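[1] curious how this folds, go ahead:
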Amino acid sequence: MRGKIINHIYLLILCFFSSASYANFENSIVVKVDDQIITNFEIKNKILSNLILSNKEINQANIDSLKRKAVDSLIQSKIKLIAISKYNFDVSKSQINQYLNSISSNDIQSLKNKFNKNNLDFELFLEDIEIEFKWQKLIYQIHSKNISFDDKQIEFELRNLIKKRSNLKEYNISEIEIFIEVNEQNDGKIIEIKDKIRADGFEQTALNYSMSSSASNKGNIGWVNSKGLSKQIFDIIKDMKKNEISIPIRRQNSILFLKVNDVRNQKLNETNIANLKESIINQKKNELFNLYSKSHLSKVKNNSFIEFK
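    Predicted structure coming up:
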């Protein structure tokens, strides 16, 4: 199905772009940025690679917007390439792979296969990534000495964040999980487990009947932060009282019973607080570098000759 969508996309792009023959279409120059060129092939590659990465689809209504964004992105990339060409920055393969893993759920080969399946140039995609890494190094080299923070402001934000986190709840939870067959009638099994809980207690029932890895610990999974719970689970337990047992929670292949053993406000130790402070500083660094990056790109762009063919 995905292949059909991409083929349809490609036909739309061809229809949009070209009054020229198909043979000349991909190699024709659309934009010149100083001595760098942008071809229809690069634009097509950029549009389709963006669609693959975002899992979005295309239609006649949004093709204009997609092309415009692709051209703008390629112009920026060419400007960055011109700027970094004056320097000798290195980007390691491990840096590239780390980024690829982050956008492909640690499955780089699957990402490559998507590009190959749709006749896209994966090397062009890698070149864009390498340019961006080198550009970041350039911005760091130029502006790192300008990065400074007001310690009082950092401490103020840290206190506010600690206050917010301290209002979060932590739940000490036990579970009983019973695996089921899909489409199986499970009312009898639910009644059976409820009877066992009433007769033997939650912990003993978990030890005897639960199929979860927590069964050997009588179902106890310890303290869990509310942020670490799925919405389905949190919506069920957020109003439960100490020692209360949940309704049966139906999942795809199992039925889950939960018991709230205790509730407390989240406790932050020295390591948690140090990590929060580091996250605040890193966020501010990223914000500043993004500002410096935009400013420097604008400066380089103003000194570049951009010609649309």
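
[2] show me the protein divided up by domain.
    Following the assignment in automatic domain parsing, the chain carries domains at 2-146, 169-265.

[3] weakest of these in terms of mean pLDDT?
    Confidence, taken as mean pLDDT, is least for domain 2-146 of those (a mean of 83).

[4] can you pull out the helices in the stretch 51-200 of the chain?
    63-84, 93-103, 108-117, 122-143, 151-166, 187-200 (DSSP state H, counting those that start in this stretch).

[5] for Asn253, find the nearest of those.
    Nearest to Asn253 among these is helix 187-200 (13.1 Å), distances taken as C-beta to C-beta. No exception for glycine: its C-beta is placed from N, CA and C like everyone else's.

[6] counting by contacts, list what the closest one packs against.
    Counting by 3 or more C-beta pairs under 8 Å, 6 or more residues apart in numbering; DSSP states H and E, the packing neighbours recorded for helix 187-200 are strand 169-179, helix 202-209, strand 254-265.

[7] tell me how far Lys238 lies from Ser254.
    Here Lys238 is placed at a distance of 21 Å from Ser254 (C-beta to C-beta, to the nearest Å).

[8] ok, back up a step: tell me which of the helices and strands packed on helix 187-200 lies nearest to Lys152.
    Per C-beta to C-beta, nearest to Lys152 of the helices and strands packed on helix 187-200: strand 254-265, 26.7 Å.

[9] helix or strand right after that closest one?
    helix 270-302 (DSSP states H and E).

[10] just to revisit the earlier point, now the domains of the chain in a markdown table, with mean neighbour count and distance to Lys277?
    Formatted as a markdown table, those follow (neighbours: other C-beta atoms under 10 Å; distance: least, C-beta to C-beta, whole Å):
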| stretch | mean neighbour count | distance to Lys277 |
| --- | --- | --- |
| domain 2-146 | 15 | 20 |
| domain 169-265 | 15 | 18 |
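
[11] now tabulate those in JSON lines and tack on distance to Lys299.
    Compiled in JSON lines, these are given as follows (distance: least, C-beta to C-beta, whole Å):
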{"stretch": "domain 2-146", "distance to Lys299": "9"}
{"stretch": "domain 169-265", "distance to Lys299": "41"}
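
[12] to Phe41, which of the helices and strands packed on helix 187-200 lies closest?
    strand 254-265 (50.1 Å).

[13] for that closest one, list the C-alpha coordinates in CSV.
    Only the C-alpha atoms of strand 254-265 are listed here, as CSV (Å, rounded to 0.1, in the frame of the first residue of the first chain):
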residue,chain,number,x,y,z
SER,A,254,-4.5,-10.3,28.8
ILE,A,255,-6.6,-9.1,31.7
LEU,A,256,-5.0,-7.1,34.4
PHE,A,257,-6.0,-6.5,38.0
LEU,A,258,-4.1,-3.8,39.9
LYS,A,259,-3.9,-3.1,43.6
VAL,A,260,-2.7,0.3,45.0
ASN,A,261,-0.7,-0.6,48.1
ASP,A,262,0.3,3.0,48.9
VAL,A,263,0.4,6.6,47.4
ARG,A,264,3.0,9.3,48.1
ASN,A,265,4.2,12.6,46.6
